[in-house]
Structure formats: structure tokens, C-alpha cells
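Visitor: predicted coordinates and the sequence they were generated for:
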Amino acid sequence: MPLSIEPFDLHGRPCVRLRHPGGATTDISLHGANVLSWKPTPSRERLYLSPNASHAPGTAIRGGVPVIFPQFGARGPLAKHGFARLVAWRFTGVHEATPFGESAVFELDDDEHTRSLWPFRFGARLHVALAADALQVGLEVLNRDEAPFAFTAALHTYLRVAKLSEVELDGLESTPYEDSARNGTPAPAANAPVRFEGELDRIYAAAPRALRLRDGASTLNIESEGFRDTVVWNPGATLAASMGDLGAGEHLRFVCVEAATVMEPVTLAPGERWLGVQRLRE
């Protein structure tokens, strides 16, 4: 049986729910093509969405899987994390002829507004594929311009956790990183799993493709393709409390493990296409 599609609204924003015959669901807002929820079973939410998230026009949704394009962070002239997460995308339906087989496809094309910010013609697609025990999200970018362009990008994935003090991320033990919480200071490989004790904001360049998040007895496998780097983030207590769309104590409920291309931008010649993928599997 194919995926079923259930349109609905959240805070006045059109959304789509995909339902797998096995019971798994995922919700996607057309605002930013932001994946909001992934439930392998009806009682098991795997993504974190802030209860204080804004869904207003021109703002980013705090949680789920925001799409960062065409600029990561403040590493360029655009607003932080670019414009893709701030604008409406089109839902074109569930398609079988995609890089992932059956997947929901969301599209964003350049327009007068995007060209006023970033003067290139492009096409972006977000592919969301749902299996009984897995969620796969792919970001595809096409250069429709007459000149090459370069970009950075990420899937800013917020993963729900039960007890932050017990969370460990395996797979990055041998990879040095840039410590963004300490002004981008280079840091050597930790030779230990990542643990979340206070504010943590790291960019692991050329990171391994397969990671594992352990949260007590729960395990989540995280894989990526196309993206070169991994970003790991948790704001810690002080920063979370200062963020209006997060709030005191909310840092205890999630960690971000982001498939990203940050340290070396992707350059596309006219007509070229790029695809980056993140897979989450129980």
C-alpha cells in the first residue's frame, strides 16, 4: 500500500501528514518545508518541536528539521541560515520516480524576493520518504543560472531525548571539530562519545557518514550522504532560557545532529545538480 496524504493546518499554516501502512507518520509544514514530527509508532515522537516555536511569516520554526540554504549560520552576507526556512514551499505530491523511491516532494524556485537576497536562479526540492522504522530527508539543489554559484546547507535536525544527562552520540570520537561555542576555536578529536554538558556547538568537518545516538535504552541510527560535515548543537540552560522561541529547561528535551556542508561550500556549474541526504532509523 502507498503512503496516504492528510492535509491539515497548524497555527494557520498548511501542512501535510504522511502515513505509512505500518502506522508511522511524519508531518511537514509548507512553511520552510519544515518536517515537524516523525512518529515510528503513534506513541513515539522522535523529533522535537518547541512549544514556543513561531509559525509567523518570515520567521523560522524552532524544531523538527529546518532546511538551511543557501547559507549556514552567519558565514556570508545573508540573514543567519539563509532564506529557505523562512518562505513557503510547494507540495507537489507523493512521487515514485525520485532518488528514494516513493517520497513526498516539496519545491522552492527562485523568485523576485529570493533574487533580491541571493542573485541566482535555482530550483530546490525536499524529498521526504517514510518507512515503517525510518525517515529519510533529501535536499536537492539545481543551478538554473547562467553562471556558477556556491552555497552551504544543512538539515538542522532536532532529535527528541528523554534524559539529556544520559545521551551519548557515537561515531565522532576520532574527528576534530570547530568549537563554535568558543568563537570557532579548533579542537582535537575527543576520543570519546559526545556528551551534552552545558552549551555545545560543534562543526565536525569531513565527518563519518554513520552515527548512533544513545538515549538510555533507546538508540537511533543517523546516516548521511552528500553532506560533508556534521553539526552537533545544544544551547545549554542559559542560552535556552534567553531564546523566546525555546525557553527555560527546553534544552533538556533535544539535541541537534545536523547533516551539513559548511566548511567547504558546494559549487554548481549551470545545469548541475547536488543532493544531500539524512536518514534516521530505529
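Guide: Sure, I can see it. Numbers count the residues shown, from 1 in each chain.
Visitor: so what pLDDT did the residue most central in space within the chain get?
Guide: Centroid-nearest residue in the chain: Leu155, 2.3 Å away (criterion: C-alpha atoms, centre = their mean). Leu155 is assigned 98 on the pLDDT scale.
Visitor: my read: it touches Leu139, true?
Guide: Yes: with contact defined as C-beta atoms under 8 Å, Leu155 reaches Leu139; the gap is 6.5 Å. C-beta: built from backbone N, CA, C; applies to glycine.
Visitor: what residues are shared contacts of these two?
Guide: 67, 276 (C-beta atoms under 8 Å, 6 or more residues apart in numbering).
Visitor: before we move on, back to that, which ones are touching the residue nearest to the centre of the chain?
Guide: Leu155 neighbours (C-beta under 8 Å, 6+ apart): 65-68, 137, 139, 227, 258-260, 276, 278.
Visitor: out of those, who's nearest Ser43?
Guide: Val65 (20.8 Å; C-beta to C-beta).
Visitor: that closest one contacts Val35, correct?
Guide: Yes: between Val65 and Val35 a contact is recorded at 3.9 Å, counting by C-beta under 8 Å.
Visitor: between the two, which contacts overlap?
Guide: With contacts taken as C-beta under 8 Å, 6+ apart, the residues that reach both Val65 and Val35 are 47, 137.
Visitor: low-confidence ranges, the stretch 1-150 of the chain, go.
Guide: 1 (pLDDT under 70).
Visitor: which residues in it form strands?
Guide: Remark: strands assigned in the stretch 1-150 of the chain by DSSP state E, counting those that start in this stretch are 4-10, 13-19, 25-29, 34-39, 67-68, 90-95, 103-109, 122-130, 134-143, 149-155.
Visitor: for those, which one sits closest to Ala210?
Guide: Nearest of the strands of the stretch 1-150 of the chain (C-beta to C-beta): strand 134-143, 13.6 Å.
Visitor: angle of the closest one against strand 149-155?
Guide: Comparing the axes of strand 134-143 and strand 149-155 via axes from the mean of the first three to the mean of the last three C-alpha atoms, to 10 degrees yields an angle of 170 degrees.
Visitor: which other helices and strands does strand 134-143 contact?
Guide: strand 34-39, strand 122-130, strand 149-155, strand 254-268, strand 273-281 (3 or more C-beta pairs under 8 Å, 6 or more residues apart in numbering; DSSP states H and E).
Visitor: could these go into a markdown table alongside distance to Phe196?
Guide: Formatted as a markdown table, the helices and strands packed on strand 134-143 follow (distance: least, C-beta to C-beta, whole Å):
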| stretch | distance to Phe196 |
| --- | --- |
| strand 34-39 | 21 |
| strand 122-130 | 27 |
| strand 149-155 | 19 |
| strand 254-268 | 6 |
| strand 273-281 | 18 |
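Visitor: which one of those strands is the most hemmed in?
Guide: Of those, the one with the most neighbours on average (mean count of other C-beta atoms under 10 Å) is strand 34-39, at a mean of 25.
Visitor: export it as CSV, just CAs?
Guide: The C-alpha trace of strand 34-39 is given here as CSV (Å, rounded to 0.1, in the frame of the first residue of the first chain):
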residue,chain,number,x,y,z
ASN,A,34,10.0,22.0,7.7
VAL,A,35,9.5,18.4,8.9
LEU,A,36,7.7,18.9,12.2
SER,A,37,7.1,15.4,13.5
TRP,A,38,8.2,11.8,13.0
LYS,A,39,6.4,9.0,14.8
